[in-house]
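Engineer: With the sequence up front, the predicted model follows.
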Amino acid sequence: MAAVCTVPRRLTVRSAGFPSFLPKEVEKIKDPFARKLATRIERLSVPVHSTENCIMTSCVRPLVQSKTNPIVLLHGFDSSCLEWRYTHPLLEEAGLETWAVDILGWGFSDLGRLPSCDVTSKRHHFYQLWKSYIRKPMILVGPSLGAAVAIDFAINHPEAVEKLVLIDASVYTEGTGNMANLPKWLAYAGVYLLKSIPLRLYVNFLAFNEISFTNSLDWTNVGRLHCLFPWWEDATVDFMISGGYEVGAQIEQVKQKTLIIWGEDDKIVSNKLGVRLHCQLPNATIRQIPDCGHLPHVEKPSKVAKLIEEFVQEDRLKELEYISQV
């Protein structure tokens, strides 16, 4: 049974079916896939240290129940579950039980009583979400920095992770680098810049192989929607000065079967690092997607969904093939 927390239960809905806790700017987003997934975002009570101390945690719960273990989609640095607006529905159409969850400190959770948002807290919070609601070994999918989150979690809670999918994995950076040593006022200045529209537009043009200005502007509005919460700056600064993720030395400890997906034209994290990761992981395969940048699940969703579906089903198909031969 999920832990019970003392939290308000009333939920109202905005126009167009958006939950009331989303920033009002969600109504300005044009992307129909982002709008549709946004209507499905909800908040679940996740205990932090006791049943009286909970975080209302944002996620998209699955519409379908599957015989296979659930797919759980993480997101990249300073992003949200809306990153999966194109691939998530394809996975559900394939009959796969699919969650999209927001990492503590980002996304649309209620952080009015701001918790610590360092690596240990992010891991503990995600474990409590898994323990309270998912409760089955996951196929855990992490893009970009989400790959570091996934590796960190799989090593610390191997019972919760059946397989890993790492997409254009940012796993060789040394945490948040010099940001960890900045005075707080300067860290806040940097974080304020992080949510600016010009910077995010620039990052979009780096992240995607081909993107029009119109799409880039709308995708910028999708990508920075969670930044409009009043606690976003505090949570992000807390993460930055904590040092961030450093999982490079832990990669060889990963025991789970892993699928590595990489956009061949990634301008943010070189696909050479994908080859390096493939060599370091004990049980991994790698698939590269041509004409694709840093976020294949946004740019080439049908290819990513197909690769994940095949990866999830491969052991089951081998089992059926063995039975048929007996």
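Structural biologist: It's in. Numbers count the residues shown, from 1 in each chain.
Engineer: From one end of stretch 219-235 to the other, what's the distance?
Structural biologist: 22 Å (C-alpha to C-alpha, to the nearest Å).
Engineer: all numbers from here: first residue = 16
Structural biologist: Okay, residue one is now 16; in that scheme the one you just asked about reads as stretch 234-250.
Engineer: who's in contact with it?
Structural biologist: Contact with stretch 234-250 is made by 37-38, 40-41, 43-44, 46, 49, 93-95, 97-98, 100, 117, 119-123, 126-127, 129, 132, 203, 206-207, 209-210, 212, 215-216, 219, 226, 313, as judged by C-beta atoms under 8 Å, 6 or more residues apart in numbering. In short, each C-beta sits where N, CA and C put it, glycine included.
Engineer: Do you have the helices of the stretch 116-265 of the chain handy? List them.
Structural biologist: Assigned by DSSP state H, counting those that start in this stretch, the stretch 116-265 of the chain shows helices spanning 134-144, 160-171, 199-209, 212-222, 228-238, 247-257.
Engineer: now for these, which one comes closest to residue 63?
Structural biologist: helix 134-144 (6.7 Å; C-beta to C-beta).
Engineer: Report the distance from the closest one to the chain centre.
Structural biologist: Per C-alpha atoms, centre = their mean, to the nearest Å, the displacement of helix 134-144 from the mean C-alpha position of its chain is 13 Å.
Engineer: ok, now stretch 168-177?
Structural biologist: How far stretch 168-177 lies from its chain's middle: 16 Å, per C-alpha atoms, centre = their mean.
Engineer: Over to stretch 87-94?
Structural biologist: Mean-position distance between stretch 87-94 and its chain equals 2 Å (C-alpha atoms, centre = their mean).
Engineer: ok, now stretch 176-192?
Structural biologist: 11 Å.
Engineer: and what of stretch 249-256?
Structural biologist: 18 Å.
Engineer: Against residue 68, how distant is residue 313?
Structural biologist: Using C-beta to C-beta, to the nearest Å, one gets 35 Å for the distance from residue 313 to residue 68.
Engineer: quick one, which of the two is more surrounded?
Structural biologist: residue 313 (24 against 12; other C-beta atoms under 10 Å).
Engineer: and the more buried one, what element?
Structural biologist: Residue 313 belongs to helix 311-314 when assigned by DSSP states H and E.
Engineer: List every C-alpha atom in that helix, with coordinates, as CSV.
Structural biologist: The C-alpha coordinates for helix 311-314 follow below in CSV (Å, rounded to 0.1, in the frame of the first residue of the first chain):
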residue,chain,number,x,y,z
PRO,A,311,16.3,11.4,-30.0
HIS,A,312,13.1,10.8,-28.0
VAL,A,313,12.0,14.3,-29.0
GLU,A,314,13.5,14.4,-32.5
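Engineer: The contacts of stretch 234-250, buried ones only, as a PyMOL selection?
Structural biologist: Buried subset of these, written as a PyMOL selection, criterion 16 or more other C-beta atoms under 10 Å:
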select buried, resi 37+41+44+46+49+93+94+95+97+98+100+117+119+120+121+122+123+126+132+203+206+209+210+215+216+219+226+313
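Engineer: now the strands for the chain?
Structural biologist: Using DSSP state E, the strands of the chain run over 57-65, 68-75, 86-88, 113-116, 153-158, 176-182, 272-278, 299-304.
Engineer: Can you list the strands that the shortest one pairs with?
Structural biologist: This points to strand 86-88. When pairs are called by DSSP bridges, strand 86-88 turns out to pair with strand 113-116 (parallel), strand 153-158 (parallel).
Engineer: How far does that strand sit from its chain's centre?
Structural biologist: The answer for strand 86-88 is 8 Å, by C-alpha atoms, centre = their mean.
Engineer: Could you do the longest one as well?
Structural biologist: On the basis of C-alpha atoms, centre = their mean, strand 57-65 sits 18 Å off its chain's mean C-alpha point.
Engineer: Please apply the same query to the second one.
Structural biologist: On the basis of C-alpha atoms, centre = their mean, strand 68-75 sits 15 Å off its chain's mean C-alpha point.
Engineer: Just the buried residues of stretch 221-232, please?
Structural biologist: Neighbour-count burial for stretch 221-232, counted by 16+ other C-beta under 10 Å, picks out 222, 223, 224, 226, 231.
Engineer: Identify the farthest-apart pair in these.
Structural biologist: For the buried residues of stretch 221-232, the farthest-apart pair by C-beta to C-beta is 224 and 231; their separation is 12.4 Å.
Engineer: send the alpha carbons of stretch 45-54 over as CSV?
Structural biologist: Extracted as CSV, the C-alpha positions of stretch 45-54 are listed here (Å, rounded to 0.1, in the frame of the first residue of the first chain):
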residue,chain,number,x,y,z
LYS,A,45,0.8,25.3,-29.1
ASP,A,46,2.4,21.8,-29.4
PRO,A,47,-0.7,19.4,-29.2
PHE,A,48,1.4,16.5,-27.9
ALA,A,49,2.7,18.7,-25.0
ARG,A,50,-0.8,20.0,-24.3
LYS,A,51,-2.2,16.5,-24.2
LEU,A,52,0.5,15.0,-21.9
ALA,A,53,0.2,18.1,-19.6
THR,A,54,-3.5,17.2,-19.0
